[in-house]
Structure formats: C-alpha cells, structure tokens
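J.: Next input, structure requested:
(chains A and B)
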Amino acid sequence: MKRSHYCGELRLANAGQTAKLTGWVMRRRDHGGVIFVDLRDKSGITQVVFDPMIDQIAHELANQIRNEFVLYVSGEIRNRGEGATNPNLPTGEIEIAVDQLEILNTAHTPPFLVEDDINVAEEVRLKHRYLDLRRPKMQRALLTRHKAMLACRNYMNEQGFIEVETPILMNSTPEGARDVLVPSRLNHGQFYALPQSPQQFKQILMMSGVDRYFQIPKCFRDEDTRADRQLEFTQIDYEMSFATQDDVIEVTEGLMKRIFEEAGDIPVTVPFNRMSYAEAISRFGSDKPDTRFDMELCDLSDLVANCDFKVFSNVVSNDGQVKGIAVPDGANKFSRRDIDALTDLVAVYQAKGLAWIKVTEEGFDSGIVKFFTEETLNAIAERMKATPGDLMLFVADTPKIVADSLSNLRLHLGRNLDLIDQNRYDFLWVVDFPLFEWNAEENRYEPAHHLFTAPTDDSIPLLDTDPSKAQSQHYDLVINGNEVASGSVRIHQWEIQQKILENLKISPEEVKSRFGYFIEALQYGTPPHAGIAPGLDRLVMLMLGEENIREVIAFPKTQRGACLMTGAPSDVTDFQLAELSIKIDT
RNA sequence: GGCCCCGUGGUGUAGCCUGGUCAACACACCUGCCUGUCACGCAGAAGAUCGCGAGUUCAAAUCUCGUCGGGGUCGCCA
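T.: As a prediction, the model looks like this:
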C-alpha cells in the first residue's frame, strides 16, 4: 500500500505513470456515471476519478465515500485534456484514473469543511483542532514554524552556540510576572514554578563556561491573555559570554535574516535601524513604535504654555504635556461623531479628552480656536506640518497618559486610514532604556527589564545618587510595532548586583532565600555576558501576516487558559489532592 | 478585577430594539436522478425549544437579573 507520491506534487510531466496516493477526501462530486474526489494530504490536492469504464468495483465502492474518509487509491496519472483542467490547482492539469480503491477509514461528518476559507467560530476550530490543522493554511503555519526553528538551530550551531536544556520545574522568584506553580508531592506545602524564561539558568551556563548557549524553550507567565501572548509560549533563548550589546545585536540580526528568509521567504536587510527609548517615546509615544507610517507625535507644550485654553496651559504648568498628531486629510474625513469615537478610544488610556482643530483653506475650525491667537495656531500647524484638509488632534495630560493615548490613537488611525504598507517589515532596535521605573503604589523602583540587567558604565555612579536617571544596557527588537525580542547585557559583578538589589529594596533575607545560589555563583568568576530572547510565536505570526499567535500554535489555550480540545485544566481526584496535602477552598 | 462584542439546527447568520406564525435563510448532512465536474447541477426529505438558571408576563429566542463559555481590550505582562 506504500504511496508513490504526495497529492500535491503530481504534474503533467507525470502523465502516463502509475500513482499510489493516500489522503483525506476533501470533496466528492458524484455525476452518477463518474465520481470525482479531491484527495488531500499535507502537500496539496489531486483530483481522483472513479469511472466504471476503468474499474467497476472501485466505482461502486466510491459511492460510500464521504468527506474526510481516508483513502488509498492507485491508478494512472492522466492528462485531463483540453477544457477539463483546473487552473486554480497546481495539480490541475492531471487526474488519477482509479483502478483500485481502499477505504482505510470512515469519518463522521466534520463540523466544518476542511478548507482554507471557512467561516466558523474559533471555539469550534479549537474543539476540533485536528480537523482545523488539516486545513492547508494551518499546515503551512506548522511548516513555517518548523522551518523557523530549523533555521534557528542551524544558524545558532554555525555561530558556535550549543543547545542546552534547562529545568521546567524551578524556583519561584520575586519580581516579574506571576508564576505558574506546581505543587511538590515530596515536599508538602512547597511549590515549583514553571520558568518565565530560563534567565537564571542561562546566566549560570555562562558562569559554567558554556560560552554560547541557546535553547528553544517553553516559557510560562500566569498573566491575562492577549492576541499576542498567552500563558504558555515559546522563546528562542540565547546568551553569549564576553559579549557586548553590539555582539548580541549582530548575532540577532543574522538570526532574523536567516529565519525570515528561510522560513518566511521574506528578504531582510541588515543592520537594522536603532532608536533610543527616549526618541521612541517622544516621536511615537511607545517603546515599540510601528515605523511603517508617519503621523508622529508632536510636542506643543511650549507653544500653548501661556494660551487662554486652560485645559492646555494648566497641564503644562503642572509638569504635564500637550502633544498632538496631524491626520492627513482628516478635516474632510472626520465628522464630529467620528471624533467623539476617537475620544472614547483615548479615554481607555485615561486621557480626559481629545481636543481637535480642523485646518481648512479658510483657516482653523474648532470650538477651541477662540482661545488661541492666530500666531499660536499658525505655529502649532507649522510644527505639526498640518496643511489645509488635515485634522489636528491633541491630548493634554501627564507624559505617560499622553504617550499611551496618542500612540494607540496613532495606531488606530494608521490602520483605519490604510496608511500601513502590509508587505513591509520594519526591524528596529530600541536601545538605551532606563534601568528602573518608579512604582508609585509601592513607593519603590522596579527594574525596567529585569534585575540582572547591567547599567551603562556611565550610570553606575547614579545608582547612589539618582537611580531614576540610570540607563541600562537593555535592548528590544521591534518589528512593525511588535516587541519580538528583549535582551540585555547582564550584571557580572557582585558589587553592582548588590547595589541594584538595594535600589530595588529587596531585603537581604529575600535575596538569600530566593537566589542566594545565584549570588554565590556570581562570585566565582563570572564572565561578562549578554543575551536576548526572541519570541518564536510572534515571529512566525508576523511572517505569516497573522494577528493572533493562536494561529501559529498547534494547540493554543483560550483567554481563560483552557484547552478546548482536551479540557485542561480540570479537576483532580481527592486522592491526588491528599497526596499533595492540598485542600480546595471553594 | 474593569470595559466592550458575541452565544439561535452540524456550521454561519436573520429574528431580539417595537414580547403573542416555538423559529427563517444559506451551506453542510440524508435520499433519488445525472459520465467531466472542480463552490458540479436538479428534485425531495430530515434536523434547533434559541448557552444555562431565575424573574417579569396570560404569553419570553425577544424584557430584567445572575451565571457559564468564546473573543477584543485596560489593569497586569521582571
């Protein structure tokens, strides 16, 4: 029964040969006298024909065939001939004239047709993921993901990295995301945590003399789901000894080029552009700017500091900002109602309002125009490069709210006004991040990245004087406005690590109990080292033009962390709980 | 934890606002006919009590509350 070909590979040149094919029935067209079946496997589709003139037994049996039956057929590969070809199929010029049919298995009627253009709820697809994955589109996603991992392994190997596995069951650590916990049977009341990333282990591997490590590990963060993240995800994790930021960037650019070109067939030019965190925030209001379109944020604080519009001038005098974006041709396209909708959109980011001025041939048009001098209005328009027909939108608030609301407004408008070239891939390094972020609620600093991130040499004195001004050697890779990798030069000197821990107000007791081992290891001759971890799911998602990582994960979880196919998570028996000495408090 | 959208035969929707043909349409499914289709065609048949629960009402898919599930998002995501 050994098959001779895959369904998608037969061409006119094969005509006259005998083919033995296996696959699933995609569709059956019964013409009474002759029956056509589109047979599908992972490679594509071939039309097979059951003709009583060729084989009566096979034709008779073919009456029983239904969608998703599993078949073995053998027969002559035949030129379909003039007028009978299907130009939509790569195999459309040939067909198999079946002389032998074996129904290897029957199938229930599937809940949806196994083909690319289906219109079903994702819930249904996830429940029957095995049917969903049979669709050519999903097969392509699985293949692309495989190719990406293969390209990665080959490249990393060539670059002198070795793949080392690190534990899935490890210690819970303070800071960072919420851990996924696993109870220990052998140690009642104690828990393992699943890795948020193999961060500490990969640094330990540098201390272990591995020099260049990589791994494609599953990572876990018990935070709420989004389109681009879920509980369980995959990273390409690597770390390099005696390496600087530039070394990591260079290796990563090579890796991206390799992956995108080999797995995604997308050409990549290196080196990538770099932009400081400060510049990204200033120009785009985001540390992961989508640089495929303009409409940048424009700071107008100085121009409106003394204007009569109190909403603006008061904000400026209270250390706030007034920034705006100019929407090309927006004066004509946006009605009051449209602008109200945009106001609702920025309200999500705590903006208290959205001021607007239309620029027309006759002048400026808005309810707030009367609060500004003609001179100020002209200065604003000039700085925003707004010309007649444009709509100027403003948010006045704290720098964070201004950045959040305008960056998201910009993205919204960019998409809705079709300003984004969907075929473009903008790779961008965002560098020079601050070392800490102030947490007002807890009245302490938090690491902007993580607590092993090295400050720049210039910033080390600031750790004692003004930590908020300290810069880190942390870098992010951004593609089309998506953060796809985050890395840093790590601290390799105990004295500096100690200072950081002090700055973060982590008590010596907590340090000792949580990563005393790490601190100790650090003091046994740690080489300078640096690393980064691109997210595999997001990379594949971007290569395929998808907007959701579930499309590139074989068996993804829902927003509530459930697997609709297997039913996980689920209850366990009282016996299992008793073994762990766990009581469920309902 | 908050906000928003969705939940009606197998699938996708209509009906819901303005309760009173307990339900319409398309595809799929089933039967019959058909030797060249490829979203085959034609004829016919079957199939849902409207996610679940409670309430309002003479009467609920339709109104109210709760709840469960799916999605988006804010918070969260070192």
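
J.: got the contact list for residue A:542?
T.: A:425, A:479-480, A:482, A:484 (C-beta atoms under 8 Å, 6 or more residues apart in numbering). Just so you know, the C-beta spots here come from the backbone N, C-alpha and C atoms, and that holds for glycine as well.

J.: To clarify, my last question referred to residue A:561.
T.: Neighbouring residues of residue A:561 by C-beta under 8 Å, 6+ apart: A:225, A:230-231, A:569.

J.: Give me every residue in the stretch 151-300 of chain A lying close to RNA strand B.
T.: Proximity of the stretch 151-300 of chain A to RNA strand B, by C-beta under 7 Å from any atom of the strand, involves residues A:175-178, A:196-197, A:199, A:221, A:223-229.

J.: State the distance from residue A:156 to residue A:12.
T.: According to C-beta to C-beta, to the nearest Å, residue A:156 stands 42 Å off from residue A:12.

J.: quick one, which of the two is more surrounded?
T.: For the pair residue A:156 and residue A:12, the greater number of neighbours falls to residue A:156 (23 against 13), based on other C-beta atoms under 10 Å.

J.: Out of the residues of the stretch 151-300 of chain A next to RNA strand B, list just those in helices.
T.: Residues of these located in helices (DSSP state H): residue A:199.

J.: Quick check: residue A:429 touching residue A:275?
T.: Yes - between residue A:429 and residue A:275 there is a contact under C-beta atoms under 8 Å: 7.1 Å.

J.: Show me just the buried residues among the contacts of residue A:561.
T.: A:225, A:230-231 (16 or more other C-beta atoms under 10 Å).

J.: Closest one of these to residue A:441?
T.: Nearest to residue A:441 among the buried ones among the contacts of residue A:561, counting by C-beta to C-beta, is residue A:225 at 23.8 Å.

J.: And the closest residue to RNA strand B within the stretch 301-450 of chain A, how far from residue A:430?
T.: When scored by C-beta to the nearest atom of the strand, the stretch 301-450 of chain A has residue A:450 as its residue closest to RNA strand B, at 3.5 Å. Taking C-beta to C-beta as the measure, residue A:450 falls 16 Å from residue A:430.

J.: Over to residue A:138?
T.: 33 Å.

J.: which SS state does residue A:477 fall under?
T.: Residue A:477 carries the three-state label strand when classified by DSSP: H, G, I helix; E, B strand; the rest coil.

J.: I meant residue A:26, not that one.
T.: strand.

J.: For residue A:149, which non-adjacent residue is spatially closest?
T.: residue A:216 (5.8 Å; C-beta to C-beta, 6 or more residues apart in numbering).

J.: just to revisit the earlier point, more neighbours, residue A:138 and residue A:430?
T.: More crowded of residue A:138 and residue A:430, by other C-beta under 10 Å: residue A:430, with 25 against 19.

J.: Now do the helix or strand that contains that one: distance to the chain's middle.
T.: Per DSSP states H and E, residue A:430 falls inside strand A:427-431. Averaged C-alpha coordinates place strand A:427-431 at 16 Å from its chain's average position (C-alpha atoms, centre = their mean, to the nearest Å).

J.: Kindly report the same for stretch A:535-549.
T.: 5 Å.

J.: Stretch A:71-85 too?
T.: Counting by C-alpha atoms, centre = their mean, stretch A:71-85 comes out at 43 Å from the chain centroid.

J.: Understood, closing this out.
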